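Chemist: Output the structure for:
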Amino acid sequence: MLQAISLSKQYQSSYALKELNLQVNAGEICCLLGQNGAGKTTTINLFLGFMAPTSGKALINGQEVVPGAAATRKHVAYIPEVVMLYGHLTAIDNLDYFSRLAGFRYDTIRLSELLAQCGLHPDKHRQPLKGFSKGMRQKVGIAIALAKNAAVILMDEPTSGLDPRATDEFTGLVKELGQQGKAILMATHDIFNAVNIGTHIGIMKQGQLVHTMQAGDINANDLQQLYLQTI
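Modeler: Numbering: from 1, shown residues only. Have a look, this model is predicted:
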């Protein structure tokens, strides 16, 4: 579903991403670890079509990503570190609005079902988002991804700033998405969550993917040691 082929992004003499080869299949959750500037966000931005690569290709569902084109965008949902929603609108209104932008129309009952499926309490469905915690906003963001019926979900530091309970709830939701056959690429700093949530893990450094592994082949302590040795 998601593939990078010798994908590179260069700014003058500096590479933000260099010769990335990566594949995420349906049902897989790939977690990319690395310091700020390692190339994680650049990778996601290239898959989103926010910028054009210097060389190589980013493919979604076999189609090359082209900035500004809708052909691949329809397959993708994006959950950033801070989900940008409309604070003066309710959770249902936000979900309805972004669903319509993606070409989907749902009745109020279905919108509530999607929000409930993502763990948002029914009492919150008709409340403005301006009073929501970050964890609650992330649940609305996942509901939007479900409403869009996206096959690929890209996440950039989605657990940053979440308390342990919210992180645990978010982890459970992402695992469910993987079990539903979604292909998920997540950029994160959270080593322990990467082991818990991922099927695959990559470590990036200075724009390059320097280590890849199956999550089941390494524990959190060994991954932490490898990460510290790498950076």
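Chemist: Just want the most central residue of this structure.
Modeler: Nearest residue to the geometric centre of the chain (C-alpha atoms, centre = their mean): Met155, 1.6 Å.
Chemist: and that one, what pLDDT?
Modeler: At Met155, the predicted lDDT confidence score is 93.
Chemist: is it fair to say it lies in a helix?
Modeler: No: per DSSP: H, G, I helix; E, B strand; the rest coil, Met155 lies outside any helix segment and is strand.
Chemist: those helices in the chain, which residues are they?
Modeler: Counting by DSSP state H, the chain has helices at residues 40-48, 91-101, 108-117, 134-148, 164-179, 191-197, 220-230.
Chemist: quick one: which of those is nearest Ile5?
Modeler: helix 40-48 (11.5 Å; C-beta to C-beta). The way it works is simple: take the backbone N, C-alpha and C, and place the C-beta from them, glycine included.
Chemist: and the nearest residue to Glu28 once chain neighbours are set aside, what does it touch?
Modeler: For Glu28, ignoring the flanking residues on the chain, the nearest one in space by C-beta to C-beta, 6 or more residues apart in numbering is Thr199 at 4.8 Å. Thr199 makes contacts with 27-30, 178, 214-216, as judged by C-beta atoms under 8 Å, 6 or more residues apart in numbering.
Chemist: Go through these and flag which are in strands.
Modeler: Among these, DSSP state E puts 29-30, 214 in strands.
Chemist: Can you tell me which of these are buried?
Modeler: By neighbour count, with 16 or more other C-beta atoms under 10 Å, the ones in strands among the contacts of Thr199 hold 29-30 as buried.
Chemist: could the ones in strands among the contacts of Thr199 go into TSV alongside distance to Lys57 and pLDDT?
Modeler: Formatted as TSV, these follow (distance: C-beta to C-beta, whole Å; pLDDT from 0 to 100):
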residue	distance to Lys57	pLDDT
Ile29	22	97
Cys30	17	97
Gln214	25	95
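Chemist: ok, so of the ones in strands among the contacts of Thr199, who is nearest Asp168?
Modeler: Using C-beta to C-beta, those come closest to Asp168 at Ile29, 15.7 Å.
Chemist: Hmm, that closest one is touching Gly178, no?
Modeler: Yes: taking C-beta atoms under 8 Å as the definition, Ile29 is a contact partner of Gly178 at 4.7 Å.
Chemist: can you list residues touching both of these two?
Modeler: 184, 199.
Chemist: before we move on, the earlier item: output the contacts of Thr199 in JSON lines; the columns should cover distance to Leu59.
Modeler: Shown next, in JSON lines, are the contacts of Thr199 (distance: C-beta to C-beta, whole Å):
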{"residue": "Gly27", "distance to Leu59": "18"}
{"residue": "Glu28", "distance to Leu59": "15"}
{"residue": "Ile29", "distance to Leu59": "18"}
{"residue": "Cys30", "distance to Leu59": "15"}
{"residue": "Gly178", "distance to Leu59": "20"}
{"residue": "Gln214", "distance to Leu59": "22"}
{"residue": "Ala215", "distance to Leu59": "23"}
{"residue": "Gly216", "distance to Leu59": "26"}
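Chemist: quick check, nearest of these to Val195?
Modeler: Distances from Val195 to these, taken by C-beta to C-beta, are shortest for Ala215, at 5.7 Å.
Chemist: Burial check on that closest one, number of neighbours?
Modeler: Look at Ala215: counted by other C-beta atoms under 10 Å, it has 19 neighbours.
Chemist: so who does it touch?
Modeler: Going by C-beta under 8 Å, 6+ apart, the list of residues near Ala215 reads 31, 194-195, 198-201.
Chemist: What score does it have for pLDDT?
Modeler: 93.
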